[in-house]
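Engineer: Fold the following.
(4 chains, ligands or ions: 2)
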Amino acid sequence: MRFSVTVFPGSNCDHDCEYVLRDVEKQDVQMIWHKDTDLKNPDCVVVPGGFSYGDYLRTGAIARFSPVMKSVADFAAKGGLVIGICNGFQILCEAGLLPGALIRNKGLKFICQNVYIRVENNQTPFTNACKVGQTLKIPIAHGEGNYFIDAEGLKSLKDNNQIIVRYCDEKGNVTPEANPNGSLENIAGICNVNRNVFGLMPHPDRSGEDILGSHDGHLIWQSILAAKVGAKCAD
Amino acid sequence: MSSSIMDVEVTPKVVKEHGLKPEEYDHIVKILGRKPNITELGLYSVMWSEHCGYKHSRALLKTLPTKGDKVLQGPGENAGIMDIGEGWAVAFKVESHNHPSAIEPYQGAATGVGGILRDIFTMGARPVANLNSLRFGPLTDPKVKRLFAGVVHGIADYGNCMGIPTVAGEVVFDDSYSENCLVNAMSVGLLKHDQIIRGKATGVGNAVIYIGATTGRDGIHGATFASTEITDESTEKRSAVQVADPFMEKLLMEATLELIHGDLLVGIQDMGAAGLTCSTCEMASRGGAGIEIDVAKVPQREKGMTPYEILLSESQERMLLVAKPGCEQKVHDVLAKWDLHAATIGVVTDTGRMIVKENGKLVADVPADSLTEAPVYHPAKSEPAILKEYKKFDEATVAVPKDLNEVLEKLMADPTIASKRWVYRQYDHMVRSNTLIRPGSDAAVIRVKGTQLGLAMTIDGLGSYCALDPYEGAKIVVAEAARNIACSGAQAIGMTDCLNFGNPEKPEVYYYFDRVIAGLGDACRAFGIPITGGNVSLYNENPTGAIDPTPIVGMMGLFQNVENRVTQWFKKEGDFIYLLGEIGQSIGGSRYLKVTHGKKTGLCPTLNLETELKLHKSLKALAESHLIQSAHDCSDGGFAVALAESCFTGVTHEAQVLGATVTLLGTGRVDARLFGEAQSRVIVSVKPSDAVKFEEIVKKNGVPVERIGVVGGAEMVIGSEVKLPVVKLADLFFTSIEKTMAL
Amino acid sequence: MAWHVSVYVTLKPSVMDPQGATVQRALNQMGYTHVTGVRVGKFTELEFDGSLSEMDVKKQADEICDKLLANPNTESYRFTVEKK
Amino acid sequence: MAWHVSVYVTLKPSVMDPQGATVQRALNQMGYTHVTGVRVGKFTELEFDGSLSEMDVKKQADEICDKLLANPNTESYRFTVEKK
Ligand SMILES: Nc1ncnc2c1ncn2[C@@H]1O[C@H](COP(=O)(O)OP(=O)(O)O)[C@@H](O)[C@H]1O
Ligand SMILES: [Mg+2]
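Structural biologist: Numbering: from 1, shown residues only, chains lettered A, B, ... in the order given. Ligands and ions are numbered 1, 2, ... in the order given. Got it, this is the predicted structure:
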C-alpha cells in the first residue's frame, strides 16, 4: 500500500510514521512537504504527531492553513483514507475534517506514558483487525489531548457510532481514573461520518514493535492494510 | 545613535564594570599596542570571562584523560564525538544553565536545553536523546517548588517541541542549593563518521553567513554574568531575559543538518554564550584564519542597536556558518525552504584578525587568537578545616532507630530518593521510537535503527559526598555513572562532565576543585574512559556560602547487541536474588544519616577502583550471556532502598509489583547494613536454572557474591528487620513528589 | 499612521478551563478567598499598516479571529480597533 | 453583587515573542500582508464576591497580578474592575 506522510515545520513524529510503515510494515511511504499540494497518489494519508509551528497559538491551528491541507481535504472528500495521530488529530479537528477540539490536559501538564484504549467500533478501515471491546496498550505524549465537543456534537458522534477508541484500564473498563487528560467520555479517537478520516491521540507509530514495549499499534496499521481502499466507506 | 556608546571612554571604572582585572586590561593594551575602544573591551570582557575563557579552570582541566581509540573528537569543539562502530558515531556533551534558571526558571532551563542541542547538531549529529541533572533546595520550600516546576516545564517544553526524547536525569534536593539551583543539560546525537563538521573558518574569501533568529538586546553580558556571584546588583545588570523559541530551533536543526549533509559548508558554530563574538573569533582561531564582518548586515529585532550590543547579544537560536566556495546560493536556498533568516555578514580572511565594521566603518580590530586565549590562573588553594571535622564524626553517637520499617518508608518518600515520575512523565521520552529502556531504570537505552547497536546513558552527581571528601566523592561519581551503565549491560565508552562549584578565587573552593578533578581523572584512567568534553560553572555562590562541590557526570555506554540490555526490575516469582559486592558497615555521608538524623557528615564511602572495575566486567559478561534477569546498584538509601526499587517497575500504568524475601548479610550496626552507602554493590536476580553458570562467571571475575533470597510474594522482607507490603512502598515512592507538588 | 487591534479570546462558558480552575485554587490557598472564579483567555495585539481603511481593518481582523486566533468550537472572541 | 476584574498581561516590548512572530508569519503567508506585528499575551478574568470594597478588589487584583498572573521579568500587566 502507498502511504503519504505530511511534513509540517515542527512535525517530529513524521520520522516515526515513516519508520513504522516502511521498515516494520514494509509499505511504500513518501513524505509530503507542507508547501506541496501533490499528495503523490496515496492510498492513505498520515498526518503525523509533533509540534507543527511549535504549537504556538493553539495546537494545529496554523498547520491547517498549509497548502498541503487543502489537498488532504480534497482527498478525504473523495473517500481517501486519512489518519491523524496526536498533533495530526489536532490538525484534522482544526481543519474541520473531524468534529470537536482538543484542549489543554486537565492536569495542565504534558503526559508521556503508556495507556490502554478500548476499541468501541471495529467497522472502520482503521480498526477492522480489532475486536469490539479489545484493549490496546499504546503510548500517549501530549499536553493538549483533552477532547471536547458540545452536547449536540456528542450526540451526533454517538448516533453515528463515530467514537472509535476510549481510554480504559488494563481490563477494558472505561473509568475516570483511566482518563489521562480529562477527555469528554474518555474519548481517545474518533472518525468522521464517512468513516474514512480517523484521528486519535495515542501513538500507533510508537507501538508497532515488541522491542518498544508494545506492538498493539500494529493492529491499526494492519486494519488500514486490510481495508480495501474506499470499500468500507459506505458502512 | 550608535555613536553614543562608541564614545564611551574606557576608564578604570568601565574596565572594572566589565569584570576585567587591571592587569588583564594592561595585557589587552599590550596585545593591541594601543588602548581598546569600548567595543573591543566588550569583546575581551566576554571572551575572557570564566564562562568562555576558563581562566581559573583551564590548567586543571588539562590533567583529565581525553584520549582513547574511539575518540573522534575530544574537548575543544562544540561537543565530543566517539566511534561506535558500523560507520556510526555519537556526539555528546553536558552544559550548565544555572544562573539563568535561578532568575527565570522556565526560560533559563529551556534555553539551556536549546544551547546544548545546538552544540550537538552543529557537529553534524542529529540529536537523539536529552538528559538533565538538577539541584534545588528542600522541596518543602514553596519557592523551591515554583523553581522546580518552572525548570522541569522549561526542559519539557523545549525537548518535546523539538521532538527529542528526554530519557534520563537526576534530581537532588539539598540545603546547599537553596540559593543556587543547578540546571545541567546533556544531549546525545548520532552521525556517520563522514558527517562530522567542525567550528572552523577556512578558505580566504568564503562567505560568513548568519542564520536563525534575529538579534535583540537579550542576554547582553550573560557570559560575564554567569561568572560572578549572584547579588542584588547582578539582578539589576541583567538585560532582557532570553526567550526560548524551540520551533525556531527545530527549523534551524533541520536546515543545519541538511546543509551539513549536503556538503555545503566549511565550518559551522552556534551562537551561545558571548553570541556573535564567540562564534566569530573561535571559528577564525580554529581555522587559523581571520574573519571580517559588518554588524549592519546582522538581522536585528530592535532598533538602534550598537555594534557593542550586536556583538555581545545572546539572543538564542542563531548560528554562524562558512559556506564552501560556490555554495553560497545553495545555502540560501536551503534556508529559504525552512523559512529561516539568512544573511551573509562577512568573509574569511588570512589576517588572523577579527575585524568588525558597521556600514563599512571600522569598529573593532583585534587578533582572533587573543580572544580565545584568556589568561590562565593558578589560584591559591587551602584545605577547608571542616573536612577534618567530618572525619572526626563518631557514628556511635547516632542511635539505631527501633522501627526500621518506618525508616525505610521515610526514605522511599524522601524527594531525593523517590521516583522522579512526576518529572519524566512531562518529558516525551519515546519520540523517535528508539527508546528501549525508558526513564526509571539505572540507565536509559536507545537503539540505533538499522543496526544491532544500542546506546546506554546516564547522568549522575554526588555533591554531598564531594563536600565530605572531594577526591573520593569524585571517584564515586564516575564509578556510579559507569556502574549504572554496567547494570544496563552496556560498556561505558566515554564521559562528559559539568563542574559546578563556588568562587574559585577563594582558596577553599579551589581546593575542592583541585581534588575533584584529581578524583575524576583517576577514576576515568582506571576504567579506561576518556572525557570528551564538558563545561565549568563557577561562582555558584551567594552571601551565605558556596554550593556543595558538584561535579556532574554524563556517561555513554555502548551495546554491540542491544538485545543484551537489562533493567533494574525483578521479572519473575521464584528467581534467585544475589548481592554482588559486600554489605556496608558505615552510615557516614549517607542519605539515611541526613533524612533520619538530620546530619550531613562522617566519612564518605570509599571506593576501590579495581573492585569496581571487576564488578563492571562481570555485569557486562552476565548481560551478554543473558544470565541475569535484572541488575540494580545500591546508591542513595543503600541496600534496602535498592531492593525495594527492584520490586517495582517505573513505568506508569503497568506497575508490575513483585515482592522479595532476603536475609540481611553481615554483622554490626543494622542501619548501616540496611541503609549505608558502601560502594561497588549490585542486586541482581537470576533464573534458578542459570544459577550455576551465573555464579561461575561472577567468581571468575573475582567479585564477591552471595545468594540472599528469592523473588515473590506481596511483601518485601529483609531478615527480621524489615517487612512491608510492596504496594505500600511503591505508593510512597511513586507519589511522594506528585503529592508535594500538588499542594 | 497605523492600526492597533486588540483581540480578546475567551473560552466558551460550557468549556472546562483547567488552567483557570488551577489559578483559582492557588489564589484561594494563598489567602485570596474572595476570588470566586477565574477564566484564562488570550489577548492578542495586531498591528496593521496605515494603508487600510478602518472598515478593511475590521473586516480582516474579524476573518483572522474567525479563522486563526479563535477556535469556534471552544472559544469566543471580540476585538477593538484603534488608530495609532 | 460581584466584581469582575479583567487582567491584560503583555510581554514587555524588549522581550522576544516567538508566538507572535510565528502567528505574524502565518498571517502574512495567508495573504494578510498588511499585518506588521503580532504580540500574544494573556487575558484573565477574575470574579470577586461582593463583600469586598472596590478599593480592596483593586488592591488584591494588583497583588495577584504581581505575584501570580504576570512574570515581572518579562511581562507587564494592567487591569480594569467592573461591578456586575
Ligand atoms: N530529571 C529527570 N529527568 C529524566 N529522568 C529522570 C530525572 N530524574 C530521575 N530520572 C530517572 O529516574 C531514575 C532514577 O534516578 P536516580 O535515582 O538518579 O538513579 P540512579 O541512582 O540509578 O542514578 C533514572 O532512570 C533516571 O533517569
Ligand atoms: Mg543506579
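Engineer: residues contacting the nearest residue to C:T44 once chain neighbours are set aside?
Structural biologist: Once flanking residues are discounted, C:T44 sits nearest to C:V7: 4.4 Å by C-beta to C-beta, 6 or more residues apart in numbering or on different chains. For the C-beta atoms, the positions are set from N, CA and C on the backbone; glycine is no exception. Contact partners of C:V7, counting by C-beta atoms under 8 Å, 6 or more residues apart in numbering or on different chains, are C:K42, C:F43, C:T44, C:E45, C:L46, C:A61, C:I64, C:C65, C:L69, C:Y77, C:R78, C:F79.
Engineer: and which of those is nearest to ligand 2?
Structural biologist: Within the contacts of C:V7, the smallest distance to ligand 2 is 44.1 Å, found for C:K42 (C-beta to the ion).
Engineer: For that closest one, give me its contacts.
Structural biologist: Neighbour list for C:K42: C:V7, C:Y8, C:V9, C:L69, D:V40, D:G41, D:K42, D:F43 [criterion: C-beta under 8 Å, 6+ apart].
Engineer: Go over the secondary structure and confirm it is in a helix.
Structural biologist: No: read with DSSP: H, G, I helix; E, B strand; the rest coil, C:K42 is strand and lies in no helix.
Engineer: Check which residues of stretch B:100-116 are buried.
Structural biologist: Neighbour-count burial for stretch B:100-116, counted by 16 or more other C-beta atoms under 10 Å in any protein chain shown, picks out B:100-102, B:104-116.
Engineer: From the contacts of C:V7, keep the buried residues only.
Structural biologist: With neighbours counted using 16+ other C-beta under 10 Å, those contain these buried positions: C:K42, C:F43, C:T44, C:E45, C:L46, C:A61, C:I64, C:C65, C:L69, C:Y77, C:F79.
Engineer: Number of residues surrounding B:T11?
Structural biologist: 9 (other C-beta atoms under 10 Å in any protein chain shown).
Engineer: Tell me how far it lies from B:R515.
Structural biologist: To B:R515, B:T11 is 40 Å away according to C-beta to C-beta, to the nearest Å.
Engineer: what about the helices in chain C?
Structural biologist: Ranges of helices in chain C, per DSSP state H, are C:18-29, C:54-64.
Engineer: Switch those over to JSON lines; also include mean pLDDT and distance to B:T280.
Structural biologist: Shown next, in JSON lines, are the helices of chain C (pLDDT from 0 to 100; distance: least, C-beta to C-beta, whole Å):
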{"stretch": "helix C:18-29", "mean pLDDT": "92", "distance to B:T280": "43"}
{"stretch": "helix C:54-64", "mean pLDDT": "97", "distance to B:T280": "41"}
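Engineer: Distance to chain D added to these, as TSV?
Structural biologist: Shown next, in TSV, are the helices of chain C (distance: least, C-beta to the nearest C-beta, whole Å):
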stretch	distance to chain D
helix C:18-29	6
helix C:54-64	6
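Engineer: Go through those helices and name the closest to ligand 1.
Structural biologist: Ligand 1 lies closest to helix C:18-29 among those, at 22.6 Å (C-beta to the nearest ligand atom).
Engineer: Give me the contacts around that closest one.
Structural biologist: Identification of contacts with helix C:18-29 by C-beta under 8 Å, 6+ apart yields A:104-108, A:146, A:182, C:11, C:35-40, D:44, D:64, D:68-69.
Engineer: Are any of these buried, and if so which?
Structural biologist: Among those, those buried by neighbour count (16+ other C-beta under 10 Å) are A:104-107, A:146, A:182, C:11, C:35, C:38-40, D:44, D:64, D:69.
Engineer: Ligand 2 next: which of the residues you listed are close?
Structural biologist: Taking C-beta under 5 Å from the ion as the test, ligand 2 is in contact with none of the buried ones among the contacts of helix C:18-29.
Engineer: Can you flag which of those residues belong to strands?
Structural biologist: Of the positions in the buried ones among the contacts of helix C:18-29, A:N146, C:L11, C:V35, C:V38, C:R39, C:V40, D:T44 sit in strands, assigned by DSSP state E.
Engineer: Any idea what the residue nearest to C:T44 is bridged to?
Structural biologist: Counting by DSSP bridges, C:V7 is bridged to C:T44, C:F79.
Engineer: okay if I get the ones in strands among the buried ones among the contacts of helix C:18-29 as TSV plus distance to B:A274 and pLDDT?
Structural biologist: Rendered in TSV, the data for those read as follows (distance: C-beta to C-beta, whole Å; pLDDT from 0 to 100):
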residue	distance to B:A274	pLDDT
A:N146	43	97
C:L11	44	94
C:V35	45	97
C:V38	42	96
C:R39	44	96
C:V40	38	95
D:T44	38	97
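Engineer: Can you say which two of these are spatially most distant?
Structural biologist: Put simply, by C-beta to C-beta the two of these set farthest apart are A:N146 and C:V35, 23.8 Å from each other.
Engineer: Against B:L134, how distant is B:K420?
Structural biologist: Distance of B:K420 to B:L134, given as C-beta to C-beta: 9 Å.
Engineer: what touches both of those two?
Structural biologist: Joint contacts of B:K420 and B:L134 (C-beta under 8 Å, 6+ apart) are B:G169, B:E170, B:V171.
Engineer: Of those residues, just say which sits nearest to A:R2.
Structural biologist: Distances from A:R2 to the shared contacts of B:K420 and B:L134, taken as C-beta to C-beta, are shortest for B:G169 (41.0 Å).
Engineer: ok, the helix or strand that closest one falls within near ligand 1 or not?
Structural biologist: When elements are assigned from DSSP states H and E, B:G169 belongs to strand B:166-173. Yes: applying C-beta under 6 Å from any ligand atom, one finds that strand B:166-173 is in contact with ligand 1 at B:T166, B:A168, B:G169, B:E170, B:V171.
Engineer: give me every residue that touches the third one.
Structural biologist: Applying C-beta under 8 Å, 6+ apart, we find B:G169 in contact with B:L131, B:N132, B:S133, B:L134, B:K420, B:V423, B:Y424, B:P439, B:I459.
Engineer: tell me the pLDDT at it?
Structural biologist: Per-residue pLDDT puts B:G169 at 98.
Engineer: Distance check, it against B:T649.
Structural biologist: For B:G169, the distance to B:T649 equals 18 Å [C-beta to C-beta].
Engineer: ok, B:I103 touching D:T74?
Structural biologist: No: with contact defined as C-beta atoms under 8 Å, B:I103 does not count as touching D:T74 (10.7 Å).
Engineer: quick one: common contacting residues for these two?
Structural biologist: Here B:I103 and D:T74 share the contacting residues B:V241, scored by C-beta under 8 Å, 6+ apart.
Engineer: for chain D, what are the nearby residues on chain B?
Structural biologist: B:103-104, B:107, B:213, B:216-218, B:239-241, B:243-245, B:247-248, B:301-302, B:315, B:339 (C-beta under 8 Å from any C-beta of the partner chain).
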